[in-house]
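Undergrad: Build me a model from this:
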Amino acid sequence: MKVNGINETVFYGKIIDTHAHIGTLNGHEYKKEQLDVFVKSKLPNDDIVEKMYVSNIDVLTSAENEFDGNKKTLELFKNNEKYEIFASCSPKDGSIDNIKKLYEKYPDKFIGLKFHPSIQNLSPSDKRYEPYMEFADKNKIPCLFHSAVSVDEQGKISKTSVEVSDPRSIYKLARKYKNAPVVMAHLGAGWNESHDRAIDVLTESIKKGDANLYADISWVDIGLPHNGNFPAGEHRDKEHIIKAIKKLKGIGDKDWKYGDQSFRLVFGSDAPIDRFSDKNDRIKEYTAFVDDIKYAIRNDKDLKPEAEKIIDDLFSKNAEKLYNKTNKPPARTPHPNKNKWGWISLGLFLLAGGILLYYKKRSEGKKS
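TA: Below is the predicted model:
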């Protein structure tokens with residue numbers, strides 16, 4: 001906490017960024033060094049990015065296979081407590097055996113599974129997702145899905161468009177695997193009605209209690225370049241982030257009886273893609289995105305009374321609860337020979353016990 005020159009109290013805190021990348025996409029290469037700039041020092045507003053959760057795009061594009069690509073990511077970020085790693089998944093041409101092997105070989109190293117239906121052009125309704133989701137469901141592993149809906153220049157969803165990352169498709173999949181938290185990245189992406197759809201899906205899942213859905217706010221309401229001289233000046237509107245928080249708290253809904261569900265919203269940036277890449281002043285843009293969100297929360301009449309708690313939850317605590325890494329890797333399947341010798345050992349043990357019992361009773365009989 002700090003007091004500025006006009007005696008206005010300003011709160012600073014930690015950030016857990018749950019959505020970051022390395023790898024190559026559309027001809028642009030994204031590297032660890034581009035992420036290091038965010039975590040190695042304080043942001044201009046004194047916030048600290050304590051963690052970034054990273055996935056490897058090359059696995060999602062099938063440029064690298066699931067085992068080798070995710071292993072490479074672990075090695076690249078090893079011994080650096082600032083980073084956590086998603087195991088990127090490629091249901092289109094990969095195998096759940098690769099992911100199981102990763103979890104067996106590197107227990108407690110992955111924060112969750114990452115899927116990108118749009119890159120793979122593979123709808124969540126495809127059966128190839130099922131083995132991955134069964135594994136996640138069994139082990140309560142969070143699954144991050146790219147979500148998006150195509151909209152026109154007015155932010156209207158086209159009735160004829162088909163988007164494989166539609167939040168409704170992700171919701172339908174999540175209903176089958178309620179033990180696995182499913183996170184809709186970008187809150188539907190796009191703009192306007194795309195975010196509205198994701199918010200509707202999220203609240204519907206809560207009311208029906210039929211899925212374990214979450215969302216991150218990477219790219220949500222990121223808008224046009226920052227107005228004014230940063231950090232002072234005008235702030236970009238964060239309409240859908242505010243709307244999502246209110247909906248999840250039941251503010252304005254007299255029939256809401258589900259308590260505060262805003263823990264289902266977590267912060268993410270999608271760094272170092274686009275405005276957070278080398279071509280831009282990524283630190284300035286990142287800090288502006290964070291400050292705009294805080295400003296919107298603090299200045300909303302309904303959220304203002306508990307603004308600092310909401311900010312703390314959104315930027316760090318919700319992520320800590322969701323991605324707590326308490327999930328254990330699946331037990332290794334015993335080797336057939338180990339099973340055989342185990343049964344033999346048990347048989348010999350029982351036989352020896354039977355012999356000892358026989359002679360004990362015989363001895364007692366002679367004494368009587």
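Undergrad: Do you have the helices of the stretch 51-200 of the chain handy? List them.
TA: 57-60, 66-77, 96-105, 117-120, 130-139, 167-174, 193-208 (DSSP state H, counting those that start in this stretch).
Undergrad: Contacts made by the fourth one with the rest, please.
TA: Contacts of helix 117-120 with the rest of the structure, by Cβ atoms under 8 Å, 6 or more residues apart in numbering, involve 25, 57, 60-62, 90-92, 123-124, 145-146, 148, 163-165, 169-170. Any C-beta I mention is one placed from the backbone N, CA and C, and that applies to glycine too.
Undergrad: ok so, going back, quickly compare the helices of the stretch 51-200 of the chain and say which is most buried.
TA: helix 57-60 (a mean of 25; mean count of other Cβ atoms under 10 Å).
Undergrad: what's next to that helix, contact-wise?
TA: For helix 57-60, the surrounding residues in contact (Cβ under 8 Å, 6+ apart) are 21-25, 30, 64-66, 69-70, 88-90, 94, 114-116, 119-120.
Undergrad: how about a cut-off of 7 Å?
TA: 21-25, 64, 66, 69-70, 88, 90, 116, 119-120 (Cβ atoms under 7 Å, 6 or more residues apart in numbering).
Undergrad: Now do Asn299: how many residues are near it, please.
TA: Applying other Cβ atoms under 10 Å, we find 13 residues neighbouring Asn299.
Undergrad: Backbone dihedrals for it, please?
TA: phi -110, psi 10 (degrees, to the nearest 10).
Undergrad: how near is it to Ile293?
TA: Per Cβ to Cβ, to the nearest Å, Asn299 is found 11 Å from Ile293.
Undergrad: which stretches of this structure aren't confidently modelled?
TA: 1-12, 160-161, 224-233, 326-368 (pLDDT under 70).
Undergrad: The protein - how does it break down into domains?
TA: 2-322, 336-368 (automatic domain parsing).
Undergrad: Pick the most deeply packed of those domains.
TA: domain 2-322 (a mean of 19).
Undergrad: For the helix or strand hosting Val49, output the C-alpha coordinates as PDB.
TA: Using DSSP states H and E, Val49 sits in strand 48-56. C-alpha atoms of strand 48-56 as PDB (Å, rounded to 0.1, in the frame of the first residue of the first chain):
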ATOM      1  CA  ILE A  48       4.800  -7.900  -8.800                       C
ATOM      2  CA  VAL A  49       4.200 -10.800 -11.200                       C
ATOM      3  CA  GLU A  50       4.900 -13.600  -8.800                       C
ATOM      4  CA  LYS A  51       4.000 -16.500 -11.200                       C
ATOM      5  CA  MET A  52       3.300 -17.100 -14.900                       C
ATOM      6  CA  TYR A  53       1.600 -20.200 -16.100                       C
ATOM      7  CA  VAL A  54       3.100 -21.200 -19.500                       C
ATOM      8  CA  SER A  55       2.100 -23.600 -22.300                       C
ATOM      9  CA  ASN A  56       4.000 -24.600 -25.400                       C
END
